[in-house]
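Asks: sequence isn't available, so here's the structure alone:
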């Protein structure tokens, strides 16, 4: 069994471990002596030399003309300010039919758009902006995009090249796709992204893969590239490589798809060859039970099968869900019944139904939809006495994993109820995760994954924190001294608009030449003064374009109470304890304080609507909302918003509708909802309410249920209340017409 260090050490080898090296050729590895990739060549027993990128000189190249059959250079060209010159030298030392393999990070990789930091500068978005404002990248290193790499290779005389797109990245190359080859599987369930800094990621990368493919951006926005270059030789015929080096040596495999429509399963290590024999036996057993399997045969030490061009069942079922929910449910039933045939089902002493032989990967992700049937492949794991309900849960869970859109169309709850999974769901989940944890080596890779991966809950929490820092910038400012960080134009703008509402006690700046001077009679200090100040006595307002660098500086100093000022936005300056309420005409504002919390379930409540031709249904909704909260804010749709939604204007104009709602004794505050920011989360960002109240006609709407989950992620909620459904503004319109 391989240990933790061994697993982590070998993860990067997936980038080149599948490549068909000729063992008789000499290899040059351009990298560091004893680093991870150098260890690969030593492990394989290849004849190789190691050379640092800075050691590659004209003199050295002149001493080794046409000497190497292979040169491997991974994440090295990015660290030199003369990449074209280095590529020319590599050309000189290569045999005419030799091969150069370049591993390079893509500055336009999707991971960086999701917020990951640049591997060389340590900041987010530097590469996306072309390293604008990063003068030292020539020495620190930088990433290149595909077009830049092509130009460099062309200038260096490498005319014959083949690009491979790498996911998640160079350090964990689990998926490799030849340029132009589009996978026929759902990658959101396959690829587990890793990051240089998971704490900076704000977007779920996996949810974007399908969109990238459909928009033709998949290869251009790959996180990294493996580039195969040759002078007179032929490039590889491989279309896709999937590797599982995060497993023990007995289980680690490469899956290689070739252009001749064959698929190879290879054991990464000699210890894994017995596994291929077992997989062939599993396929025969399943076929004997009436399960259609992709034909497979042994070819020496390789397991070979044809490449199936039909859609993976996961993709087929998702397309069906979007088109026809009833057919989708029928097909999910059919899939479940197919899996039931895979083994004898027996009852255990406690009454639990189990498969005598449970094939753990009989899920939509590992099958094709072909000729009205499901055809399975890659059954690597067989578990004795596996509960039937665990496999039914896996069918449902694997389908919904990584796809919030599916949950909005048809909540998972529907299938859990349909298959009788709800009563003992924690039990089935626990069994599944124990098996998965064993396969995925959670015991050995837990710390590694915690360091380089993130998850949906963490992303949502991070985004909520970003909202607190960027959206509600005056939150918690009462009773604290305010300091601006930055003394430039952003600070000028802040002082012009908000200086009277929030007195500034000082300005912080890292520029020593500005420290000790004044701006608008406010002294400019070194940020170091914060170290001597009592936590909780001050708040910092970052007034700089490069706020991320300042955020890092503040966090290093232990300062967490800060906000980020955006000079292009307008901010509400009244604290939440002083809330505006419309009681008469617009403009006649009255100040009132939100009451102290009572025994009601919520403090700040929120309702939204058009409230056109105010009627008994509106009144009941507001009354029942107020019964559940201390303070009720009501958002009234603008005329423009109503037209955008219904293609008709309201009967009553917005300013009059607001006055009518404000006249209701259950309402404490009324706000007009702008046309472009009237959504549920937009309102939460504006008001930070504890609960939103809506009519119970939305209680089963998947879209509303999804919004409720988003609110719960930030500590709020939606409560659906009953009201008078028989009356509506539309009904009143119809009566008026008749």
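Replies: Cool, got the structure. Because the structure is predicted, anything quoted here is derived from the model rather than measured.

Asks: longest strand in this protein, please.
Replies: strand 94-105 (DSSP state E).

Asks: can you give me the buried ones in that strand?
Replies: By neighbour count on 16 or more other Cβ atoms under 10 Å, the buried set for strand 94-105 is 94-95, 98-105. All C-beta spots, glycine's among them, are computed from the backbone N, C-alpha and C.

Asks: over to stretch 438-446?
Replies: Within stretch 438-446, the residues scored as buried using 16+ other Cβ under 10 Å are 439-441, 444-445.

Asks: can I get those residues in CSV including distance to residue 512, secondary structure and pLDDT?
Replies: Listed next are those as CSV, based on distance: Cβ to Cβ, whole Å; DSSP: H, G, I helix; E, B strand; the rest coil; pLDDT from 0 to 100:
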residue, distance to residue 512, secondary structure, pLDDT
439, 56, helix, 88
440, 51, coil, 84
441, 51, coil, 85
444, 49, helix, 86
445, 46, helix, 88
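
Asks: after the longest strand of the chain comes which helix or strand?
Replies: For strand 94-105, the succeeding helix or strand toward the C-terminus, using DSSP states H and E, is helix 110-113.

Asks: give me the contact list for that following helix.
Replies: Here helix 110-113 makes contact (Cβ atoms under 8 Å, 6 or more residues apart in numbering) with 118, 124-125, 127-128, 168-169, 193, 195, 201, 203, 205, 208-209, 212, 221-223.

Asks: among those residues, name the buried ones.
Replies: 118, 124-125, 127-128, 168-169, 193, 195, 201, 205, 208-209, 212, 221-223.

Asks: just the residues you listed: which are in strands?
Replies: 168-169.

Asks: which ones among the buried ones among the contacts of helix 110-113 lie within helices?
Replies: 209, 212 (DSSP state H).

Asks: residue 310 versus residue 545, what's the distance?
Replies: Per Cβ to Cβ, to the nearest Å, residue 545 is found 51 Å from residue 310.

Asks: and what of residue 492?
Replies: Noted for residue 492: a distance of 63 Å to residue 310, by Cβ to Cβ.

Asks: what residue lies at the spatial centre of the protein?
Replies: Nearest to the geometric centre of the chain sits residue 204, at 1.5 Å (Cα atoms, centre = their mean).

Asks: circling back to that earlier point, farthest-separated two in the buried residues of strand 94-105?
Replies: Greatest spatial distance among the buried residues of strand 94-105 (Cβ to Cβ): 95 and 105, at 27.8 Å.

Asks: pLDDT of the helix or strand harbouring residue 9, averaged?
Replies: Using DSSP H and E, residue 9 sits within helix 4-10. Helix 4-10 carries an average pLDDT of 85.

Asks: can you list the neighbours in contact with that helix?
Replies: With contact meaning Cβ under 8 Å, 6+ apart, helix 4-10 is reached by 2, 36, 39-40, 245-246, 441, 444-445, 447-448.

Asks: and stretch 236-246, by the same measure?
Replies: 7, 10-11, 13-14, 17-20, 162, 172-178, 181, 183, 190, 228, 251-260, 268, 440-441, 445.

Asks: PyMOL command for the buried members of these?
Replies: The following PyMOL line selects those of the contacts of stretch 236-246 that are buried, judged by 16+ other Cβ under 10 Å:
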select buried, resi 7+10+11+13+14+17+18+19+162+172+173+174+175+176+177+178+181+183+190+228+251+252+253+254+255+256+257+268+440+441+445
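
Asks: one step back: pLDDT added to the buried residues of strand 94-105, as a markdown table?
Replies: Compiled in a markdown table, the buried residues of strand 94-105 are given as follows (pLDDT from 0 to 100):
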| residue | pLDDT |
| --- | --- |
| 94 | 93 |
| 95 | 94 |
| 98 | 94 |
| 99 | 96 |
| 100 | 97 |
| 101 | 97 |
| 102 | 97 |
| 103 | 96 |
| 104 | 96 |
| 105 | 96 |
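
Asks: for the residues you listed, give me JSON lines that also has distance to residue 49.
Replies: Shown next, in JSON lines, are those (distance: Cβ to Cβ, whole Å):
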{"residue": "94", "distance to residue 49": "13"}
{"residue": "95", "distance to residue 49": "14"}
{"residue": "98", "distance to residue 49": "14"}
{"residue": "99", "distance to residue 49": "16"}
{"residue": "100", "distance to residue 49": "15"}
{"residue": "101", "distance to residue 49": "15"}
{"residue": "102", "distance to residue 49": "18"}
{"residue": "103", "distance to residue 49": "18"}
{"residue": "104", "distance to residue 49": "21"}
{"residue": "105", "distance to residue 49": "25"}
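
Asks: between those residues, which is nearest residue 362?
Replies: residue 103 (35.6 Å).

Asks: so what's the closest one bridging to?
Replies: residue 74, residue 226 (DSSP bridges).

Asks: same deal with residue 164?
Replies: residue 178, residue 226.

Asks: from residue 40, how far off is it?
Replies: Residue 164 sits 17 Å away from residue 40, going by Cβ to Cβ.

Asks: okay, these two: which has more neighbours?
Replies: A direct count of neighbours by other Cβ atoms under 10 Å for residue 164 and residue 40 places residue 164 higher, at 26 against 20.

Asks: isn't that one right next to residue 180, touching?
Replies: No: Residue 164 is beyond contact range of residue 180, at 10.5 Å (criterion: Cβ atoms under 8 Å).

Asks: secondary structure added to the contacts of helix 4-10, as a markdown table?
Replies: Output for the contacts of helix 4-10, formatted as a markdown table (DSSP: H, G, I helix; E, B strand; the rest coil):
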| residue | secondary structure |
| --- | --- |
| 2 | coil |
| 36 | helix |
| 39 | helix |
| 40 | helix |
| 245 | coil |
| 246 | coil |
| 441 | coil |
| 444 | helix |
| 445 | helix |
| 447 | helix |
| 448 | helix |
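
Asks: which of the residues you listed sit farthest apart?
Replies: Spatially, the most separated pair among the contacts of helix 4-10 is 40 and 447, at 22.7 Å (Cβ to Cβ).

Asks: pLDDT weak spots in the stretch 601-738 of the chain?
Replies: Filtered on pLDDT under 70, the stretch 601-738 of the chain yields the residue ranges 646-647, 676, 723-738.

Asks: show me where it has its helices.
Replies: Secondary structure of the stretch 601-738 of the chain (DSSP state H, counting those that start in this stretch): helices at 616-626, 639-646, 654-662, 680-687, 702-713, 729-737.
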